[in-house]
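Build me a structure from this.
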Amino acid sequence: MTLGVLYLLNLRDPLLLIAVAFVISGIASYVLLSKQRDAVSARISDKVDRPKPEDD
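Residues are numbered from 1 along each chain as shown. Below is the predicted model of the structure:
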């Protein structure tokens, strides 16, 4: 989507277009997906910190 928007904004150099789209989408996903990232991190941390059952 970012690639298409940049293309419509008259950014025509293919290498620059891909690089700028990559940076913009990375920043957007970092900001927009922070709650989901924190939730997954908490679930993983809980599983790692949970004591393992002992085998008899």
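
In this structure, where is pLDDT below threshold?
55-56 (pLDDT under 70).

And the lengthiest helix in the chain, how far out from the chain middle?
Among all segments of the chain classified by DSSP state H, the helix with the greatest residue count is helix 14-32. The chain centroid and the centroid of helix 14-32 are separated by 11 Å under Cα atoms, centre = their mean, to the nearest Å.

Next: stretch 27-45.
8 Å.

Buried residues in that stretch, which are they?
Counting neighbours by 16 or more other Cβ atoms under 10 Å, one finds that stretch 27-45 has no buried residues. The C-beta positions use only the backbone N, C-alpha and C, and glycine is treated the same way.

Pull the residues that contact that stretch.
Outside stretch 27-45, the residues that touch it by Cβ atoms under 8 Å, 6 or more residues apart in numbering are residue 2.

likewise stretch 7-23?
Residues outside stretch 7-23 that contact it (Cβ under 8 Å, 6+ apart) are 2, 3, 6.

buried ones in it?
Buried residues in stretch 7-23, defined by neighbour count with 16+ other Cβ under 10 Å: 17, 20, 21.
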